[in-house]
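Enquirer: have a look; sequence and predicted model below, questions after that.
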Amino acid sequence: MGILRKFGATLTAAAFVGVGALSATTSAEAAPQVVTSAQNSTTAPRPVGQPPKAATAKKATSNSKLIAKYRIDRRCMTKGRVLCINKKTRKLVYMVNGKPVQVMDVRFGSSRTPTRNGVFRVYRKSKNHVSSLYHTKMPYAMFFSGGQAVHYSSDFKARGYNGASHGCANIRDKKKIAWVFARVKVGDRVVVYSK
């Protein structure tokens, strides 16, 4: 009983000292928003975990800026997952429900073997694919038009834009394409365009 009293006294003392005894992370996650006398008492407290309206507006503005910066085609602005590939900006933007989630550098086919423009669907995925035609590795391949696929390219990583694919959309960053590959499903939209 004496231990409980001491423990209760310690807790009471900590409460009077202030919330400083709690770490910033703990108090931010655990403490509900409380209206103080300095605040407008008619404003209801914001539920825990809900971002303030200003942050939501900032996020929407940020998305708009990214959409403008990467010249995202309106056909990419749809529900679901989309691999949005712009030949002009040389970027692949992975979109989810109309919002940019991941951006990657991309390289395309040469004038003799161009990457096709259009709206496609991922019809096949192959994590450790090797081209039967060119006998080259195509890790994290997501096929969208005939033999054309979005995939990692060690040649693109090594040589940059001083080369071209045979029509595929080559990705230079292996970690990013692996992350996207894990999330993209067969049937997801692929939009390739020049804008």
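Expert: Great, that's in hand. Numbers count the residues shown, from 1 in each chain.

Enquirer: which residues of this protein score low on pLDDT?
Expert: 1-58 (pLDDT under 70).

Enquirer: can you map out the strands along it?
Expert: Taking DSSP state E, the strands of the chain run over residues 81-86, 91-96, 99-107, 118-121, 124-130, 137-145, 148-152, 169-171, 189-193.

Enquirer: which one, of these, ends up nearest to residue 74?
Expert: Proximity to residue 74, assessed across the strands of the chain by C-beta to C-beta, is greatest for strand 189-193 (9.4 Å). Using the backbone N, CA and C atoms, a C-beta is placed for each residue, glycine as well.

Enquirer: just to revisit the earlier point, dump the strands of the chain to CSV, plus distance to residue 60 and mean neighbour count.
Expert: CSV is the format used below for those (distance: least, C-beta to C-beta, whole Å; neighbours: other C-beta atoms under 10 Å):
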stretch, distance to residue 60, mean neighbour count
strand 81-86, 18, 24
strand 91-96, 15, 22
strand 99-107, 9, 19
strand 118-121, 26, 14
strand 124-130, 32, 13
strand 137-145, 29, 22
strand 148-152, 28, 25
strand 169-171, 28, 26
strand 189-193, 22, 22
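
Enquirer: distance-wise, check the spatially closest residue to residue 173 that is not a sequence neighbour relative to residue 112.
Expert: Once flanking residues are discounted, residue 173 sits nearest to residue 104: 5.6 Å by C-beta to C-beta, 6 or more residues apart in numbering. Using C-beta to C-beta, to the nearest Å, we find residue 104 at a distance of 24 Å from residue 112.

Enquirer: got it, and residue 185?
Expert: 32 Å.

Enquirer: and if you look at residue 188?
Expert: 29 Å.

Enquirer: so for these two, which sits in the more crowded spot?
Expert: residue 188 (20 against 8; other C-beta atoms under 10 Å).

Enquirer: who's in contact with that one?
Expert: With contact set as C-beta atoms under 8 Å, 6 or more residues apart in numbering, residue 188 has these partners: 80-83, 121-122.

Enquirer: fine, thanks again, bye for now.
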